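Student: Please find the sequence and the predicted model below.
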Amino acid sequence: MKRPKLKRASKRLSCSKRYKIQRKVREHNRKLRKEAKKKGVSKRVKKDLGVPSSAPFKEEVLREAEQRRLQVEEEKERKRQVKIEERAQKRQKDKEAANRETEPKAKKARRDDQANRLAKQTVNKSSKQFLCAELNKVIDASDVVIEVLDARDPLGCRCPQLEEAVLQRGGNKKLLLVLNKIDLVPKENVERWINCLQQEFPVVAFKASTQIRDKTVQQAKKSRIVASNEVLDKSRGAACFGSDCLSELLTSYAAKLQSEAALKVGVVGFTNVGKSSLINSMKGMFACNAGVKRGITKSMQEVHISKTVKLMDSPGVVVSPSNPRSSVVLRSLQVEEGHESVLDAVTTLLKQCEKTQIMLQYNVPDFRNSLEFLTLLAKKRGYLQKGALPNTEQAASVFLADWTGAKLSYHCKVPGSHHLPPYLTDSLLADMQKDWDLSKLRSGNQETLKGVKFPNQASSVTFTSKGPTEGVMTVCEEQPAAAATEGGGTQQQDQPEQTAEDSTEAEESEKPQKTSLEKKPKRVQFQSVPIDISLSAGSSGDAYDFNTDFK
Ligand SMILES: Nc1nc2c(ncn2[C@@H]2O[C@H](COP(=O)(O)OP(=O)(O)OP(=O)(O)O)[C@@H](O)[C@H]2O)c(=O)[nH]1
C-alpha cells in the first residue's frame, strides 16, 4: 500500500546517525576548549569581586572608578552628539546645494546678498571692535560716567583703562562709582568697601530690582502657579534701594550745571555687574534688556529718567586676556564665546575660595576636585542626562551663573592700605569730588544700608580678589580665538587639583601648571588590559572544520 505523502519531512533519525552527530559535536567542543586553554583564555569570565572592605582607601578607589566610568560615558555621549551634528550639517548643505541648482539666478543673487548682509550685521554686533566702539561712544557722549561695580568683588570690577579714558577725555567728565548687588554681601563688608572706594570717587550703594520683566514675559508667566518661597524671593528681588539717592544726586548736579539739555549719564562696567538692571530700577520699568546671561547688552541705549537726566546703557568692557584666569572667568565672555570650557571656568573659581565654605553653600559632601564637586552638585540638584548620568556641564553652567548673576553671596576682603593708581592725582581727585552734594550722598547711603536685607558673614563665601581687571578700550581687528585664550590656557580636567586653602596656593594656580611626574600625588591608576577572547580556530593548521569533519 502506498503511504500518504507527509506534509513535513520527519525528523526521525536512526540511532547510529544520532549518536554519530552527538559524538562529533562533543569532539568539536573539546577541540575548542583545548585551543582556548592553550591560548590561556578561560571560557568563564571571572566575576568582579569589587574592592574588599578591609582595603585602606576603598572609598577613594570606588570614587575614582566611578568618575572614570562617568568620564568615558560623557566622552562617548559627546562624540555621538558631534557625529549627529555633523550629519545634520551635511544633510543641510546637500539640501541647500540641491535648492541652489534649481533656483533662478536673480532670486539666488538676491538671497545671497541678503545672507551676506545679515551675517555681517550679526558678526559686527558681537565683535570686540563693535563693543569697544559702542563703549567709547557712551563715554564720549556722557557728562557723568557711572562705573558699576559688583559689591562681591568691587576691586575686580574696576577697570584702570576705562577710568583713565574717562579722566583723559575732555569736557570735564565726572566719574561716579556705584556699588551694586549689595544684597549679596555682608553689611560690614559693604560699609568697609564704601569707605575705601570713596577715598577716590563718590560711591553710591545700590541694590537693583531683579524682578522688572518685559511685559510680554510677565503675561506669559501670569497663569503659572507660584510656590510660597518664590513669593518671598520675589518680594526681596523686586525691592530696589539706592535709586532715590542716585537720582537726587544726579538731579542736583544737573541743576548746578544749568544746562538746557538733559544731563547725559553713561552707565559702564564689566558684563553682568548690573548696568541694565540699574537703569531699569531707576526708570521703574523694563527699558533695557537684563538677565543672568552675560553680554546681553551689545550697543548704546538711551533712557530718559527725568526731564533733566538721561541714562545711557553700554556693553560690558572687553577684558584683556593678560588678566589672571579668575578675573577672565568672572568678567569676560570667554565661556560664552567658546574659548574656554565651563568646566575649566569652575575649576578656576573653586581654587579662589575655601572648600568648606563651598560645601556648606552648596550642601555637598567633601570633594577632591572640580569634576567630583560638579558630579555631587548635579546629583543633588537632579541635573541628570540620558541614562540618569549626572549632567556636570549643566551643574557647571549653573555654578558660573551663580557667581556672575544674582544668586550667590560671596565677598572679598578690603585692602588694608590704600594707594592711588598711577593715573590719579590729588588734584584730579579733588576735581571728581567737587560739585557733588556729598553729605546728602552719605545720608542716602546710610538709608540704603538700613533698608537692605544683608546675608550674614558666616553664610557668605570668602573670595580672593585678583585686583583691578584690565580692559581693552580699542580693538583694531578681531583677535583670533587663540589669542583670546592666551594667558588662560585651558587646564586638563583629569589633572589632580585641590581647592585653595590659602592665597599663596591660589596664586600658584594662576601660573601655567607643570606636568612633572614627581609633583603628582599618588593615585590609583587604571589601565585597560587588552584581552583577546576570540576563539578563532582558523589560524591553526589542524583546525576543525565542522562542515567537512561532520559528514
Ligand atoms: N541680587 C542682585 N542681583 C542683581 C542686582 N543687579 C543686577 N542683578 C542681577 O545681575 C544679573 C545681570 O544684570 P544685568 O543688568 O543684565 O547686567 P549688565 O551689566 O547689564 O550685563 P550685560 O548686559 O551683560 O553687560 C541679572 O541676573 C540681574 O538680575 C542686584 O542689585 N542684586
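Tutor: Yep, it's here. Everything quoted here is computed from the prediction, not taken from an experiment.

Student: Nearest to the ligand: which residue in the stretch 351-500 of the chain?
Tutor: residue 406 (3.1 Å; Cβ to the nearest ligand atom). Every C-beta, even on glycine, is put in place using the N, C-alpha and C of the backbone.

Student: Name the nearest residue to that residue, sequence neighbours excluded.
Tutor: residue 210 (5.0 Å; Cβ to Cβ, 6 or more residues apart in numbering).

Student: I figured the one you found hits residue 405, correct?
Tutor: No. Counting by Cβ atoms under 8 Å, residue 210 does not reach residue 405; the two are 9.0 Å apart.

Student: Are the helix or strand containing residue 312 and the ligand in contact anywhere?
Tutor: Per DSSP states H and E: residue 312 is located in strand 309-313. No. Strand 309-313 does not reach the ligand (Cβ under 6 Å from any ligand atom); its nearest approach is 6.8 Å.

Student: so which helix or strand takes in residue 163?
Tutor: Remark: residue 163 resides in helix 160-168, with elements defined by DSSP H and E.

Student: The next helix or strand after that helix vs the ligand: in contact?
Tutor: Next along the chain after helix 160-168, taking DSSP H and E as the criterion, comes strand 174-180. Yes. Contact between strand 174-180 and the ligand, assessed by Cβ under 6 Å from any ligand atom, occurs at residue 180.

Student: hmm, who's touching strand 174-180?
Tutor: Residues outside strand 174-180 that contact it (Cβ atoms under 8 Å, 6 or more residues apart in numbering): 143-151, 154, 163, 166-167, 190, 193-194, 197-198, 200-208, 242, 246, 249, 253, 273-274, 277-278, 432, 435-436.

Student: Now intersect these with the strands, please.
Tutor: 144, 145, 146, 147, 148, 149, 150, 203, 204, 205 (DSSP state E).

Student: What is the most widely separated pair among these?
Tutor: The two members of these with the most space between them (Cβ to Cβ) are 144 and 150, at 20.3 Å.

Student: Give the rounded mean pLDDT of stretch 60-79.
Tutor: Average pLDDT, stretch 60-79: 89.

Student: what's the answer for stretch 89-102, then?
Tutor: Here the average pLDDT along stretch 89-102 is 86.

Student: Now do it: distance to the chain's middle.
Tutor: 35 Å (Cα atoms, centre = their mean, to the nearest Å).

Student: buried residues in that stretch?
Tutor: Buried residues in stretch 89-102, counting neighbours by 16 or more other Cβ atoms under 10 Å, are absent.

Student: got a list of contacts for it?
Tutor: In contact with stretch 89-102 (Cβ under 8 Å, 6+ apart) are residues residue 108.

Student: follow-up on the earlier one: residue 210 and residue 405: which is more packed in?
Tutor: residue 210 (25 against 18; other Cβ atoms under 10 Å).

Student: Which pLDDT value belongs to that one?
Tutor: At residue 210, the predicted lDDT confidence score is 84.

Student: Please apply the same query to residue 2.
Tutor: Looking at residue 2, its pLDDT reads 58.

Student: What is the burial count for residue 198?
Tutor: Residue 198 has 18 neighbours, counted by other Cβ under 10 Å.

Student: how much space between it and residue 444?
Tutor: From residue 198 across to residue 444, the span is 13 Å (Cβ to Cβ, to the nearest Å).

Student: Could you do residue 177 as well?
Tutor: Counting by Cβ to Cβ - residue 177 and residue 444 are separated by 14 Å.

Student: before we move on, what about residue 401?
Tutor: In this view, residue 401 and residue 444 are 31 Å apart by Cβ to Cβ.

Student: So for the two, which sits in the more crowded spot?
Tutor: In this view residue 401 and residue 444 are compared by other Cβ under 10 Å, and residue 444 has more residues nearby, 21 against 17.

Student: Give me the pLDDT value at the more buried one.
Tutor: pLDDT at residue 444 comes out at 91.

Student: show me the contacts for it.
Tutor: Residue 444 neighbours (Cβ under 8 Å, 6+ apart): 204, 242, 244, 245, 246, 248, 249.

Student: isn't residue 399 right up against residue 374?
Tutor: Yes. With contact defined as Cβ under 8 Å, residue 399 and residue 374 form a contacting pair (7.3 Å).

Student: So the two - more neighbours on which side?
Tutor: When residue 399 and residue 374 are compared on other Cβ under 10 Å, the one with more neighbours turns out to be residue 374, at 28 against 23.

Student: What helix or strand is that one located in?
Tutor: Judged by DSSP H and E, residue 374 forms part of helix 370-381.

Student: Could you list the residues in contact with that helix?
Tutor: So helix 370-381 is contacted by 63, 67, 70-71, 343, 346-347, 350, 358, 362-365, 367, 383-384, 390-392, 394-396, 398-399, 493-494, 497 (Cβ under 8 Å, 6+ apart).

Student: circling back to that earlier point, what's the helix holding residue 163 packed up against?
Tutor: helix 128-141, strand 144-150, strand 174-180, strand 471-472 (3 or more Cβ pairs under 8 Å, 6 or more residues apart in numbering; DSSP states H and E).

Student: at 10 Å instead, please
Tutor: When contacts are defined as 3 or more Cβ pairs under 10 Å, 6 or more residues apart in numbering; DSSP states H and E, helix 160-168 sits against helix 128-141, strand 144-150, strand 174-180, strand 263-268, helix 426-433, strand 471-472.

Student: Adding mean pLDDT, distance to residue 294 and mean neighbour count, write the ones you listed out as JSON lines.
Tutor: Shown next, in JSON lines, are these (pLDDT from 0 to 100; distance: least, Cβ to Cβ, whole Å; neighbours: other Cβ atoms under 10 Å):
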{"stretch": "helix 128-141", "mean pLDDT": "89", "distance to residue 294": "12", "mean neighbour count": "18"}
{"stretch": "strand 144-150", "mean pLDDT": "93", "distance to residue 294": "12", "mean neighbour count": "25"}
{"stretch": "strand 174-180", "mean pLDDT": "91", "distance to residue 294": "15", "mean neighbour count": "24"}
{"stretch": "strand 263-268", "mean pLDDT": "93", "distance to residue 294": "16", "mean neighbour count": "25"}
{"stretch": "helix 426-433", "mean pLDDT": "86", "distance to residue 294": "29", "mean neighbour count": "13"}
{"stretch": "strand 471-472", "mean pLDDT": "89", "distance to residue 294": "15", "mean neighbour count": "22"}
